[in-house]
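[1] Sequence first, predicted coordinates after that:
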Amino acid sequence: MTDVSALPYRPCVGLCIFNPAGRVFVGRRLGGPEHVDATHSWQMPQGGIDPGEDPFAAALRELYEETSIRSVEKLGEITDWLAYDLPGAIAGEAWKGRYRGQTQKWFAFRFTGKEAEIEIARPGGGQHKPEFLEWRWESLDRLADLVIPFKRPVYEQVVLNFRRFSAG
């Protein structure tokens, strides 16, 4: 059995997308070994950074691949990388057991387009598999309660860091 604590973190980006009213995009995940109940299956867009890829470029790419959104302006980013560990049983399943969790660079963006641009059923012009079953605009303060519990400390830090862009 592999010692999970010896595994590296998967480098990723996280995206907090605010609409003009200051609410945040969340999507309900289609599945995955870490999403074990319907209440805690919501999250903001996030995804892996390719080798040699700049985190900001990865953020824009991941946003398009998951939501088809391109109409954004950068509001800010969290200086530090935020990390979470997967629970032991899940660590052996997620990402083929190669990572202990994720280390994430988080960015805040303002959505400047029309909602018709958001396409989760055929994201990225239909070139990418859907990751979300549904989406909505949510209050920033509710995010930590919607995410799977082991990601909650990261989401709490995102809320603290990006509160200034929120409607409350």
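    Nice, thanks for sending it over.

[2] now the helix or strand of the chain with the lowest mean pLDDT, how far from the centre of its chain.
    Lowest by mean pLDDT, DSSP states H and E among the helices and strands of the chain is helix 88-91, with a mean of 70. Distance, stretch centre to chain centre, for helix 88-91: 19 Å (C-alpha atoms, centre = their mean, to the nearest Å).

[3] And for stretch 160-168?
    Going by C-alpha atoms, centre = their mean, where stretch 160-168 is centred and where its chain is centred differ by 17 Å.

[4] same thing with stretch 135-152?
    Worked out by C-alpha atoms, centre = their mean, stretch 135-152 lies 10 Å from the chain centre.

[5] For the spatially closest residue to Trp137 that is not a sequence neighbour, grab phi and psi.
    Nearest residue to Trp137 in three dimensions, chain neighbours excluded: Arg23, at 3.8 Å (C-beta to C-beta, 6 or more residues apart in numbering). All C-beta atoms are positioned from the backbone trio N, CA, C, and that covers glycine. Note on Arg23: backbone dihedrals following degrees, to the nearest 10 are phi -90, psi 160.

[6] The protein: strands as residue ranges?
    9-18, 24-29, 42-43, 46-48, 72-77, 82-85, 101-111, 132-138 (DSSP state E).

[7] So, low pLDDT: which residues of this structure?
    1-2, 31-39, 91-95, 167-168 (pLDDT under 70).

[8] longest helix in it, by residue count?
    Ranked by number of residues, the top helix in the chain under DSSP state H is helix 55-67.

[9] quick one: contacts for the closest residue to Ala58 other than its chain neighbours?
    Closest residue to Ala58 apart from its sequence neighbours, by C-beta to C-beta, 6+ apart: Ile49 at 4.3 Å. Applying C-beta atoms under 8 Å, 6 or more residues apart in numbering to Ile49 gives the contacts 11-13, 55, 58, 105.

[10] How many residues are close by Pro20?
    9 (other C-beta atoms under 10 Å).

[11] Need phi/psi at it.
    phi -60, psi -20.

[12] Now for it: which residues touch it?
    Pro20 touches 110-111, counting by C-beta under 8 Å, 6+ apart.
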